[in-house]
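Pasting the sequence and the predicted coordinates here, then a few questions.
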Amino acid sequence: MTSPDDAAAQRVIQLTEAAVAFVEDDAAREQIVDRVLFQYVPAALNAKTDEQTARAWDALRYYLTTRPTPRKPWQLSAADAERIVAGLQGVVREFNDPGAGDVTPAP
């Protein structure tokens with residue numbers, strides 16, 4: 001039997017993967033999911049103020065759009081980064097309020 005915490009974690013993973021599914025590069029998508037799950041979603045979930053939440057999303061936008069580096073050999077457009085952030089904001093809303101509605105990112 002799966003605990004409620006395990007079920008919630010699996011749901012966050014599913015929603016995060018859905019938010020970045022449009023990224024065609026498999027390695028980039030995997031790196032984004034890992035970074036999002038272990039850094040940005042926890043920061044947004046643990047934020048105590050709107051300012052802290054906005055800071056987490058701004059940091060993610062920056063990460064996604066910065067130039068490629070040896071450790072991050074890809075770069076997304078501002079529009080693609082915004083699409084991911086919008087989807088993840090839905091993930092956090094659903095996690096905080098399961099009745100919050102649709103979290104599917106816009107095309």
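Noted; the coordinates are in hand.

buried sites along the longest helix that the chain contains?
Within the chain, and with DSSP state H defining each element, the longest helix by residue count is helix 78-96. Residues 81-85, 87-95 are the ones in helix 78-96 that count as buried (16 or more other CB atoms under 10 Å). The way it works is simple: take the backbone N, C-alpha and C, and place the C-beta from them, glycine included.

so what's the residue most central in space within the chain closest to, chain neighbours aside?
Using CA atoms, centre = their mean, the residue of the chain that lies closest to the mean C-alpha position is Leu88, 4.1 Å off. The spatially closest residue to Leu88, leaving aside those adjacent along the chain, is Ala19, at 5.3 Å (CB to CB, 6 or more residues apart in numbering).

Could you report the separation of that neighbour from Thr69?
For Ala19, the distance to Thr69 (CB to CB, to the nearest Å) stands at 23 Å.

So which of those two has more stuff around it?
Each of Ala19 and Thr69 has its neighbours counted (other CB atoms under 10 Å); Ala19 has more, 25 against 9.

Test my guess that the more buried one contacts Val92.
No. Judged on CB atoms under 8 Å, Ala19 makes no contact with Val92 at a distance of 10.7 Å.

quick one: average pLDDT of stretch 22-35?
Computed over stretch 22-35, the mean pLDDT rounds to 92.

no no, stretch 45-61
Looking at stretch 45-61 alone, the average pLDDT works out to 95.

How about residues contacting it?
Applying CB atoms under 8 Å, 6 or more residues apart in numbering, the set of residues contacting stretch 45-61 from outside is 36, 40, 43-44, 78, 81-82, 84-85, 88-89, 92, 95-96.

buried residues in it?
47, 53, 56-57, 60-61.

Give me the next element, helix or strand, following the helix or strand where Arg29 lies.
Secondary structure assignment for Arg29, by DSSP states H and E: helix 26-35. Proceeding N to C from helix 26-35, the next assigned helix or strand is helix 41-46, under DSSP H and E.
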